[in-house]
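K.L.:
A structural model of the following input is requested.
(2 chains)
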Protein chains: 2
Amino acid sequence: MSQTKQRRPKAETPKGFRDYFGAEVTARKEMLDRIARVYHRYGFDPLETSAVETVEALGKFLPDVDRPNEGVFAWQEDGGAEGKAGDWLALRYDLTAPLARVAAQYRNDLPSPYRRYAMGPVWRNEKPGPGRFRQFYQCDADTVGASTVAADAEICAMLADVFEDLGLGGDFVVRINNRKVLNGVMEAAGVLDPSDPSKFEAERGIVLRAIDKLDRLGEDGVRALLGEGRRDESGDFTKGAGLLASSADVVLAFTAARRDTGAATCAELRRLVGESKVGAEGVEELEEMAALLADQGYGSDRVVIDPSVVRGLGYYTGPVFEAELTFEILDEKGRKRQFGSVAGGGRYDDLVKRFTGQAVPATGISIGVDRLLAALQAKGRVVADTSGPVVVTVMDRSRMSDYQNMVGELRRAGIRAEVYLGNPKNFGNQLKYADKRGSPVAIIQGSDEAARGVVQVKDLVLGARIAESATLEEWKDRPAQVEVPVADLVATVRGMLG
Amino acid sequence: MSQTKQRRPKAETPKGFRDYFGAEVTARKEMLDRIARVYHRYGFDPLETSAVETVEALGKFLPDVDRPNEGVFAWQEDGGAEGKAGDWLALRYDLTAPLARVAAQYRNDLPSPYRRYAMGPVWRNEKPGPGRFRQFYQCDADTVGASTVAADAEICAMLADVFEDLGLGGDFVVRINNRKVLNGVMEAAGVLDPSDPSKFEAERGIVLRAIDKLDRLGEDGVRALLGEGRRDESGDFTKGAGLLASSADVVLAFTAARRDTGAATCAELRRLVGESKVGAEGVEELEEMAALLADQGYGSDRVVIDPSVVRGLGYYTGPVFEAELTFEILDEKGRKRQFGSVAGGGRYDDLVKRFTGQAVPATGISIGVDRLLAALQAKGRVVADTSGPVVVTVMDRSRMSDYQNMVGELRRAGIRAEVYLGNPKNFGNQLKYADKRGSPVAIIQGSDEAARGVVQVKDLVLGARIAESATLEEWKDRPAQVEVPVADLVATVRGMLG
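P.N.:
A predicted model of the protein is given here:
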């Protein structure tokens, strides 16, 4: 019949995107719902902005300095009949940029401070890689308009409560650091002049990028970048910040300043920032946060001052936080390692200023939804209902109403149930279907059973176990299939579901 | 300081998009959660596809024949280093096109029939209008791979259950029609030749578009379009289908064939389709659906056969359904009218065929999320918690830990609470903030109260009522503010929250 040989469209998810089925959707939803309940209890309000923003409002690039090439999905609007150039629109790349826009747009209407949480997909126009997708979920909570570190401490306490509520008590730690301390260290190292903050900007940029690579390059690599520069394995040379060896030592000592107690860590930081005013301020902020948290029962088992938290120091302006899960998993090579970071955030006081010219203090956290979900799954803490429906099979197509009434009764009793709606001719296909759905129970009623007012109730979970088990002995008292009066259908199914 | 006079970005939502705050988000979420619970009980599994599809998979245009100009948001990918042309990507315009892609892509892995539901935003590149946005939610449930009308009946029953669960029992009706009956009527009217289905295609297109305009043009306008054509007020002429007056009568009689009972309606339809085989098939399908539904207790008070349901007849291939809310609201001119349609759907057997060449039967429903939410709000049926948090005010900045401990205690008791984190200097601002948040209760503890171990608990709801009321008399026994020992804080707040 195909005279015109038209090419058929490919049924494919676009490169770097994926689909989520059944339990993948419900497990994530259950996790996000639980997080939202904690946020709500803390007085945070939900905000849902649209996926689309103007490129102007969004800013053209991601905040991560190391990734200037990676961008957003953007397109230009039609300009309309007058031939004007249309606006450039783009998909949001995070939930913070839309918050900045909202905080500026509704600044006269929103309560101040404005506590909001947001959960939803964001998009990155990046080269997809294994396990790295171009659409993924973020889950953020931010407080806009509060300059006190009590707001930062609150975010950390809330984060700890989230992990407790998710069943990860004892398995996490929130580590805090402070950008101002690093600024103090930069002063001590001679690359920040408080009387002329614009001086040495390039050098400070190199310092920030260098310490951000501590994990990857190790102390020696970072020391080279802090000094003259570093030649990598490929022979490429990266220019360094030009610090004296003694100054590089101060910077490296900062990242290694964690001691056994918060007080000892702060003493070491105080030593490193020397005479710097901003440095002292940073240490005081750390102390104040730790004290507020300790007073509320969040001790150093859950929140610690840790200057080795360097991620985001280039972006944030005050306290910086990172949440890590401390239990061990096996990596792809079978080696044990800690699960690692699942959330990060901090204080960023300049975000709204882009729009209004006025600095507005803000602090917040972003949870990596996919990583946290993976952690919950690794710990067996996902409680989403993943069981399939009870399947009522169809032996006799003309009695569809009878079968529909059975599922109706099951559903009214709160039991997930459905009638097999494929072609009923091949009964084996019906049981294969039930298997594919993960159905716990199948109901069977042929004309003979119907005449006698009974149904067969088949325990598919038990059936599968019997099929697997070598010794039938242990199952002999529990038949995998029972015949019961129709009136006992719900009770029998409920018994099998346990 | 602004030496470089850089233009600031505008803090604006893009044209046709909007933001959703607080209770707007939670009310919709609560509604969708309840709908999802019904879908889940019926054995439907969630599916979440990405917002982005290839234009190839999506198809270039919306299915609505009347809107060829309205399209999608699309952009072309970079082709990469080799200079190849990149793929065209687009935001999904509905949830059905992605389902078709998924059903084709995973056809060997999905259970068959595949029951799935999907909820999420879709995007239309349309001219925005008042109340019409370019991003909005859809909420769909579809069964792919079931050719029996029992699947269509199940969708209708599920839809009825959704309305019942949402508290709209007695306020809705699901109306069903069938495209095959219309095909039978087309045969009877001489514009469909079963032996050569490609004949009269243009005429049938005109007939479909004409009856779709019944609401807007009335019977005379449609009769003109079925015949020679119609000249509108502006003088423009639309060519008609060229039907004889007697044939036009048959088509119009079809749309008006609803009688007091389903049986009478079907008898009238049977008369109108005459000898047409496909017409008779359509009538039988309607009868079978009505019988299945009646057997399950969904009588004509909830599901009716109604041939005046014409929306979507051009798109669907068998049963067509539309759900209407029957309670009255006042329109923008203050006139009473029925709330109207909130969901529509039907059977579409050709959707997956685009990809695979094989026809796969499918049927489903799409709920208009915004309209249904508006209906629930009009009926006062939205139960989302919209109350603000208890606000613990800050009288003494140095005792932040005390205030934090109060909110901690309230939260642990399940009460939404927060400390005021703005500048505490002006106490009036703190109460204004509590008012803006819709806080039911404010807590006050100055140094004097702290020394005595007490707190002031202020009932803001009662306070507002007293402020409004002319006679203070009725409130005199209920003070709007009480002083209680710190130990009684939770109990006192709980009492005020009622």
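K.L.:
so where do the strands sit in the stretch 51-200 of chain A?
P.N.:
For the stretch 51-200 of chain A, applying DSSP state E, counting those that start in this stretch gives strands covering A:52-54, A:74-76, A:88-91, A:114-123, A:135-144, A:172-178.
K.L.:
close to chain B: what parts of the stretch 151-300 of chain A are there?
P.N.:
Residues of the stretch 151-300 of chain A found near chain B (C-beta under 8 Å from any C-beta of the partner chain) are A:151, A:153-154, A:157, A:161, A:291-292, A:295-297. Any C-beta I mention is one placed from the backbone N, CA and C, and that applies to glycine too.
K.L.:
so of those residues, which ones are in helices?
P.N.:
A:151, A:153-154, A:157, A:161, A:291-292, A:295 (DSSP state H).
K.L.:
from these, which two are the most distant?
P.N.:
Within these, A:161 and A:291 form the most distant pair, 18.7 Å apart (C-beta to C-beta).
K.L.:
the two: who's more crowded?
P.N.:
A direct count of neighbours by other C-beta atoms under 10 Å in any protein chain shown for residue A:161 and residue A:291 places residue A:161 higher, at 21 against 15.
K.L.:
what about the residue in the stretch 351-498 of chain A positioned nearest to chain B, which SS state?
P.N.:
Closest to chain B within the stretch 351-498 of chain A is residue A:418: 3.2 Å, counting by C-beta to the nearest C-beta. Secondary structure state of residue A:418, per DSSP: H, G, I helix; E, B strand; the rest coil, is strand.
K.L.:
before we move on, what about residue A:230?
P.N.:
Per three-state DSSP, residue A:230 ends up strand.
K.L.:
go ahead and confirm it touches residue A:224.
P.N.:
Yes: contact criterion C-beta atoms under 8 Å: residue A:230 and residue A:224 qualify, at 3.9 Å.
K.L.:
quick revisit: list the contacts for the residue of the stretch 351-498 of chain A closest to chain B?
P.N.:
Taking C-beta atoms under 8 Å, 6 or more residues apart in numbering or on different chains, we find residue A:418 in contact with A:389-392, A:407, B:42-43, B:115.
K.L.:
count of residues packed around the residue nearest to it when sequence neighbours are not counted?
P.N.:
Nearest residue to residue A:418, sequence neighbours excluded (C-beta to C-beta, 6 or more residues apart in numbering or on different chains): residue B:43, at 3.2 Å. Residue B:43: 26 surrounding residues under other C-beta under 10 Å.
K.L.:
from residue A:391, how far off is residue B:43?
P.N.:
8 Å (C-beta to C-beta, to the nearest Å).
K.L.:
need the overlap of contacts for the two.
P.N.:
In contact with both residue B:43 and residue A:391: A:417-418, A:437, using C-beta under 8 Å, 6+ apart.
K.L.:
got a markdown table for those residues, with pLDDT too?
P.N.:
Below are the shared contacts of residue B:43 and residue A:391 laid out as a markdown table (pLDDT from 0 to 100):
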| residue | pLDDT |
| --- | --- |
| A:417 | 96 |
| A:418 | 95 |
| A:437 | 92 |
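K.L.:
let me know the closest of those residues to residue B:128.
P.N.:
Among these, residue A:418 lies closest to residue B:128 (C-beta to C-beta), at 40.2 Å.
K.L.:
tell me who's in contact with residue A:437.
P.N.:
Shown in contact with residue A:437 (C-beta under 8 Å, 6+ apart): A:388-389, A:391, B:43, B:111.
K.L.:
switch to 10 Å and redo it
P.N.:
The neighbourhood of residue A:437, defined by C-beta atoms under 10 Å, 6 or more residues apart in numbering or on different chains, consists of A:22, A:387-391, A:418, A:420, A:460, B:43, B:45, B:111, B:114-115.
K.L.:
gap between it and residue A:376?
P.N.:
24 Å.
K.L.:
surely residue A:39 meets residue A:158?
P.N.:
Yes: shown here, residue A:39 and residue A:158 form a contact pair, counting by C-beta atoms under 10 Å, at 6.9 Å.
K.L.:
hang on, the earlier thing: residue A:411 is in contact with the residue nearest to residue A:418, correct?
P.N.:
Yes: counting by C-beta under 10 Å, residue B:43 does reach residue A:411; the two are 9.0 Å apart.
K.L.:
who touches both of these two?
P.N.:
Listed as contacting both residue B:43 and residue A:411 by C-beta under 10 Å, 6+ apart are A:389-390, A:417-418, B:158.
K.L.:
of those, which is the nearest to residue B:364?
P.N.:
Comparing these against residue B:364 with C-beta to C-beta picks out residue B:158 as the nearest, at 10.4 Å.
K.L.:
please name the nearest non-neighbouring residue to the closest one.
P.N.:
residue B:42 (5.0 Å).
K.L.:
in contact with that neighbour: list those residues for me.
P.N.:
A:389, A:407, A:411, A:416-419, B:115, B:117, B:141, B:143, B:154-155, B:157-158, B:161-162.
K.L.:
ok, back up a step: can I get the contacts of residue A:418 in JSON lines with pLDDT and distance to residue A:486?
P.N.:
Compiled in JSON lines, these are given as follows (pLDDT from 0 to 100; distance: C-beta to C-beta, whole Å):
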{"residue": "A:389", "pLDDT": "95", "distance to residue A:486": "19"}
{"residue": "A:390", "pLDDT": "96", "distance to residue A:486": "15"}
{"residue": "A:391", "pLDDT": "96", "distance to residue A:486": "17"}
{"residue": "A:392", "pLDDT": "96", "distance to residue A:486": "12"}
{"residue": "A:407", "pLDDT": "95", "distance to residue A:486": "13"}
{"residue": "B:42", "pLDDT": "96", "distance to residue A:486": "21"}
{"residue": "B:43", "pLDDT": "95", "distance to residue A:486": "20"}
{"residue": "B:115", "pLDDT": "97", "distance to residue A:486": "25"}
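K.L.:
no further questions, thank you.
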